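Visitor: Dropping a prediction and its sequence here:
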Amino acid sequence: MKRWARVTLKTLGGLLLGVVTLAAAWAAFNNRLVDDAPRPVPEALRVPASTLPAKDNAMFGLLGLEAAGEDPHTEGLRAWARIEAGRFDEIPPLPRRWPSSSGDKSARAWQCDAQAQDCVAVWTREEDGLRALMVTHAEVGRRCEAVARPGMMIEEPLIAPAAELSTAKDLYIRRATILPWRSTVECLRWLQIRSVLAGRSGDGAAMMSLLAKADALTVAMLEGTRTLIGVNVAGAMGRRHWQVLTEIAARHPGQAPAMLAMLRPLSPQAIDATRWIQTEANFGREAVREMACSDPSADPARIAPDDPLHCVPQIWTMPHATQHLLDEQWLRARTLADGGILALLAWDPDLMAARPWGLPVWRNSIGHMLVAVGSPGFTRYVRKQASLLLLNEAARLALAAGDVEPSKRAAWLTQQPMDARLRETGGFV
């Protein structure tokens with residue numbers, strides 16, 4: 001054999017041996033046999049037990065607005081029981097429906113986006129069509145108005161993880177993403193449109209009564225939601241409510257003082273990020289636990305609740321080490337959140353940014369990458385929640401400025417008490 005051929009073979013053999021050695025070394029640090037020992041859930045990340053009695057929790061009434069029974073609260077409790085049990089195959093049809101999102105100009109006006117349009121102007125132009133829609137959907141609207149009332153309280157119910165994973169209905173991830181928020185959002189829309197139409201009819205008392213219901217619903221959602229999706233739905237409702245309120249006040253300046261009295265500063269509970277940090281930490285914990293039970297080839301729509309689970313841990317997974325990494329991330333967030341939502345803006349969960357050239361760690365590489373992929377996205381939700389402080393303050397200042405001469409408003413604004421971090425920014429999102 002020629003010399004160059006022998007050199008080539010030796011070089012290739014050396015490279016192959018190096019790759020095999022590297023792979024073997026990596027495998028030695030990335031398998032179930034060298035996983036961390038399990039640890040208890042950190043106290044700061046434990047999800048607190050519910051404290052609001054079910055009979056006082058308006059969330060169940062909102063869940064049952066579209067159901068067939070006469071009492072929305074009772075229907076909501078039944079719906080929640082089916083969600084808790086994972087019995088999605090037993091969910092009955094909903095005979096009471098909100099207006100469709102598609103159709104004529106009136107249906108499109110119903111779906112007006114208050115953050116992009118002057119919805120009061122849109123609803124005014126489509127007044128006749130919207131009144132007809134409200135006659136058609138009067139029953140679900142009546143139920144909405146009965147549930148949404150000053151003094152209402154909401155505490156978002158949470159799914160309890162199953163002690164054992166034996167059938168599909170035990171999967172936490174499958175059950176924890178089902179809570180329907182659509183009816184809650186549509187109830188707020190109903191109240192707002194009804195208030196605008198009442199104002200158009202000259203019925204100021206009805207307009208203010210309906211706005212008070214809309215405000216009560218918004219505040220209850222802001223103070224009572226506990227999951228990240230719930231907090232984001234409540235935040236969107238807050239932005240919408242404050243925008244519509246200022247638009248109505250501009251058309252009914254005589255009622256602006258009463259609207260300003262209604263529009264209170266956000267309570268600490270309404271912008272408490274520790275709630276969703278705890279529930280997201282719990283969600284991630286269950287996701288790690290259930291990774292061994294997932295079947296990528298299965299169609300979720302065809303999984304029956306009683307289908308057996310086959311939970312086979314993969315040799316290359318290190319669930320305890322991955323869970324500890326998640327806990328460390330959420331504990332850092334929780335520590336910052338204890339100082340308020342504005343303090344949480346300093347949170348940087350980008351795990352890859354701390355690695356040289358963005359390379360993954362040697363031990364538990366797969367788990368580290370799984371955590372790193374999803375972590376940076378949470379900061380967007382922090383900014384959205386922080387922006388509620390600014391938008392709430394802006395709405396209250398807009399209503400209060402109605403009593404100030406236009407030429408003096410700029411000077412007046414600089415004299416208003418405000419957190420310096422809010423004054424110095426135009427927004428967080």
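Guide: Sure thing, it's come through.
Visitor: which regions of the stretch 151-300 of the chain sit below the pLDDT cut-off?
Guide: Scanning the stretch 151-300 of the chain for pLDDT under 70 picks out 178-180, 294-300.
Visitor: Let me see the ranges of the helices in it.
Guide: 172-175, 182-200, 204-224, 228-251, 256-262, 274-290 (DSSP state H, counting those that start in this stretch).
Visitor: Switch those over to JSON lines; also include mean neighbour count.
Guide: From N, CA and C alone the C-beta is placed, and that goes for glycine too. JSON lines is the format used below for the helices of the stretch 151-300 of the chain (neighbours: other C-beta atoms under 10 Å):
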{"stretch": "helix 172-175", "mean neighbour count": "19"}
{"stretch": "helix 182-200", "mean neighbour count": "23"}
{"stretch": "helix 204-224", "mean neighbour count": "22"}
{"stretch": "helix 228-251", "mean neighbour count": "21"}
{"stretch": "helix 256-262", "mean neighbour count": "17"}
{"stretch": "helix 274-290", "mean neighbour count": "21"}
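Visitor: Now do the buried residues in stretch 326-340.
Guide: Applying a neighbour-count criterion of 16 or more other C-beta atoms under 10 Å, one finds Leu326, Asp327, Gln329, Trp330, Ala333, Arg334, Leu336, Ala337, Gly340 buried in stretch 326-340.
Visitor: what's the spacing between the closest residue to the fourth one other than its chain neighbours and Asp348?
Guide: What that stands for is Trp330. Distances taken as C-beta to C-beta, 6 or more residues apart in numbering place Ala281 nearest to Trp330, at 4.1 Å, with adjacent residues excluded. Ala281 sits 17 Å away from Asp348, taking C-beta to C-beta, to the nearest Å as the criterion.
Visitor: got it, and Asp118?
Guide: Taking C-beta to C-beta as the measure, Asp118 falls 38 Å from Asp348.
Visitor: same check, this time on Arg332
Guide: Counting by C-beta to C-beta, the separation of Arg332 from Asp348 is 9 Å.
Visitor: try Met291
Guide: Counting by C-beta to C-beta, the separation of Met291 from Asp348 is 26 Å.
Visitor: So between the two, which is more surrounded?
Guide: Neighbour count, other C-beta atoms under 10 Å: between Met291 and Asp348, Met291 has more, with 17 against 13.
Visitor: so how far does stretch 99-117 reach from one end to the other?
Guide: End-to-end span of stretch 99-117 (C-alpha to C-alpha, to the nearest Å): 20 Å.
Visitor: From what I see, His252 and Met208 are in contact.
Guide: No. In terms of C-beta atoms under 8 Å, His252 does not count as a neighbour of Met208; the distance is 9.2 Å.
Visitor: Next, count neighbours for Gln416.
Guide: Gln416: 12 neighbours (other C-beta under 10 Å).
Visitor: I should have written Ala132 there, sorry.
Guide: Ala132, neighbours per other C-beta under 10 Å, totals 12.
Visitor: That one: which element?
Guide: helix 127-136 (DSSP states H and E).
Visitor: name the helices or strands packed onto that helix?
Guide: helix 105-110, helix 182-200 (3 or more C-beta pairs under 8 Å, 6 or more residues apart in numbering; DSSP states H and E).
Visitor: What segments of the protein are strands?
Guide: With strands called from DSSP state E, the chain shows none.
Visitor: buried ones in the helix holding Ala132?
Guide: For helix 127-136, the neighbour count (16+ other C-beta under 10 Å) marks Glu127, Gly129, Leu130, Leu133, Met134 as buried.
Visitor: So what's the residue count around Cys293?
Guide: Neighbours of Cys293 (other C-beta under 10 Å): 17.
Visitor: State the distance from the closest residue to it other than its chain neighbours to Thr317.
Guide: Take Cys293 and drop its neighbours on the chain: the residue closest to it by C-beta to C-beta, 6+ apart is Cys311, 4.1 Å away. Remark: distance between Cys311 and Thr317 (C-beta to C-beta) = 12 Å.
Visitor: Same drill for the two, tell me which one is more crowded.
Guide: Taking neighbours as other C-beta under 10 Å, Cys311 and Thr317 compare with Thr317 leading, 20 against 14.
Visitor: quick one, phi/psi of the more buried one?
Guide: Main-chain dihedrals, Thr317, degrees, to the nearest 10: phi -90, psi 150.
Visitor: surely it meets Ser365?
Guide: No. Assessed by C-beta under 8 Å, Thr317 is found out of contact with Ser365, at 11.2 Å.
Visitor: what's the closest non-adjacent residue to Leu228?
Guide: Nearest residue to Leu228 in three dimensions, chain neighbours excluded: Trp276, at 4.5 Å (C-beta to C-beta, 6+ apart).
Visitor: from what I can see the one you found touches Thr227, true?
Guide: Yes. Here Trp276 reaches Thr227: they are 6.1 Å apart, a contact under C-beta under 8 Å.
Visitor: so what's the closest residue to Leu65 other than its chain neighbours up against?
Guide: With sequence-adjacent residues excluded and distances taken as C-beta to C-beta, 6+ apart, Leu65 is closest to Ser183, at 4.6 Å. For Ser183, the contact set (C-beta atoms under 8 Å, 6 or more residues apart in numbering) comprises Leu62, Leu63, Leu65, Glu66, Trp98.
Visitor: pLDDT below threshold where in the stretch 1-150 of the chain?
Guide: Using pLDDT under 70, the stretch 1-150 of the chain drops low at 1-11, 13-14, 17-18, 20, 22-23, 26-27, 101-103.
Visitor: now the buried residues of helix 127-136 in JSON lines, with distance to Lys408?
Guide: Below are these laid out as JSON lines (distance: C-beta to C-beta, whole Å):
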{"residue": "Glu127", "distance to Lys408": "36"}
{"residue": "Gly129", "distance to Lys408": "42"}
{"residue": "Leu130", "distance to Lys408": "38"}
{"residue": "Leu133", "distance to Lys408": "43"}
{"residue": "Met134", "distance to Lys408": "42"}
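Visitor: on that earlier part again, ok, which of the helices and strands packed on helix 127-136 comes nearest Ala176?
Guide: Comparing the helices and strands packed on helix 127-136 by their distance to Ala176 (C-beta to C-beta), the top pick is helix 182-200, with 17.3 Å.
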